[in-house]
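Trainee: have a look; sequence and predicted model below, questions after that.
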Amino acid sequence: MGASDQPGREGRSVQQSLFGEAPAAPAVDPSVFAVCRVDRIRPPVKAHGGKFYLAPKIVPILLNVRAKVTEYLEPCAFGASVFLAMPRMKKEILGDINPDVVALWTVLSNRASAAELTNRLAAAPYTEEAFHAAKREAGVTQIERATRFLIRCRYSRGKLGKDFAWSKRLRGGRPGDENAWHTFRENELPKIIARAQGVEVRNDPCWRTVWESRNKIERLCYCDPPYMPKTRTAKTAYGPFEMTPFQHARLIAALRAHSGPAAISGYRCEEYDRWLHGWRRFDFEMPNNAGQSRRKQRRCESLWINW
């Protein structure tokens, strides 16, 4: 990490107190914030821990500072469900360390490249051969990366890019998974493209992106990083883009140094309770579908804010 990436005094104190003790902030009732209508758009790709179902609860809290901000930053974007549910701001930034995610949002943010992506997807057959070809081959251009990334995700079981999804059960006159692909291309993708126009996309570790924004008092920063490893049953869900506890600490150090409003989502744990001491916390009970058990456990997903 270069000199420009070093956390400030407050940020360093968070990293230095990894094993210190501080009382956890009490949970706040989300109803203290005004309820507003949230128009969600389904994300182009599905992520472990994605926030599509929680967006109607998170967005009204974030909008509490709308009068004070003109910019929005989401540095752990992936499917960017919260961004897609937020009203447009003067400047919007999405970041991710995954080059496929960066390629996808870079293409979606430009009208001409998004149109080319749409044409390529329309010509792609929904077949197992096309799915495995997309898994084997690495794209050279941004358009190629975005196309193959979408095919890997959208053709797979659970939309997680692992196994080809196929069902003989008909939907709309087609096998169900094939019909879902057509529905995505024709109904959902145009909405995503329209919302993504003009967004700035960065390919950096999330803590660096946040640290570089620390003086932007007019910028709302919302982070949805990979869950802390100790809090989840799906231990390999994030593959090569996993975050270690130290990287989580680095991200939170950068968030604490941010001069504007900042928020972070995750499963509650003792480390987050210490590192985010003094922030307000909101708890949302959600089903945990990541485990192998048929019994659906329920986990408490939390949102911490600094205002």
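Mentor: All right, it came through fine.
Trainee: excluding its backbone neighbours, what's nearest T106?
Mentor: V201 (4.7 Å; C-beta to C-beta, 6 or more residues apart in numbering). From N, CA and C alone the C-beta is placed, and that goes for glycine too.
Trainee: quick one, what contacts that neighbour?
Mentor: By C-beta atoms under 8 Å, 6 or more residues apart in numbering, V201 lies in contact with 93-95, 102, 105-106, 109.
Trainee: let's see 6 Å
Mentor: V201 sits next to 94, 102, 105-106 when contact means C-beta atoms under 6 Å, 6 or more residues apart in numbering.
Trainee: please flag which of those sit within helices.
Mentor: Using DSSP state H, the subset of the contacts of V201 located in helices is 102, 105-106.
Trainee: in ChimeraX, select just the buried ones from those residues.
Mentor: A single ChimeraX command is used to select the members of these judged buried by 16 or more other C-beta atoms under 10 Å:
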select :102,105,106
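Trainee: for the ones in helices among the contacts of V201, which one is nearest Y126?
Mentor: W105 (23.5 Å; C-beta to C-beta).
Trainee: quick one on the thing from earlier: which of the ones in helices among the contacts of V201 sits closest to D177?
Mentor: W105 (24.5 Å).
Trainee: could you report the neighbour count for R185?
Mentor: Neighbour count of R185, defined by other C-beta atoms under 10 Å: 16.
Trainee: my read is it is in a strand, agree?
Mentor: No: if the criterion is DSSP: H, G, I helix; E, B strand; the rest coil, then R185 is helix and not within a strand.
Trainee: reformat the contacts of V201 as a markdown table; add distance to M228 and pLDDT.
Mentor: Listed next are the contacts of V201 as a markdown table, based on distance: C-beta to C-beta, whole Å; pLDDT from 0 to 100:
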| residue | distance to M228 | pLDDT |
| --- | --- | --- |
| L94 | 22 | 98 |
| V102 | 24 | 97 |
| W105 | 25 | 98 |
| T106 | 29 | 98 |
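Trainee: closest to T236 out of those?
Mentor: V102 (21.9 Å).
Trainee: what's the closest non-adjacent residue to that closest one?
Mentor: Nearest to V102 is N203, by C-beta to C-beta, 6+ apart, at 4.2 Å.
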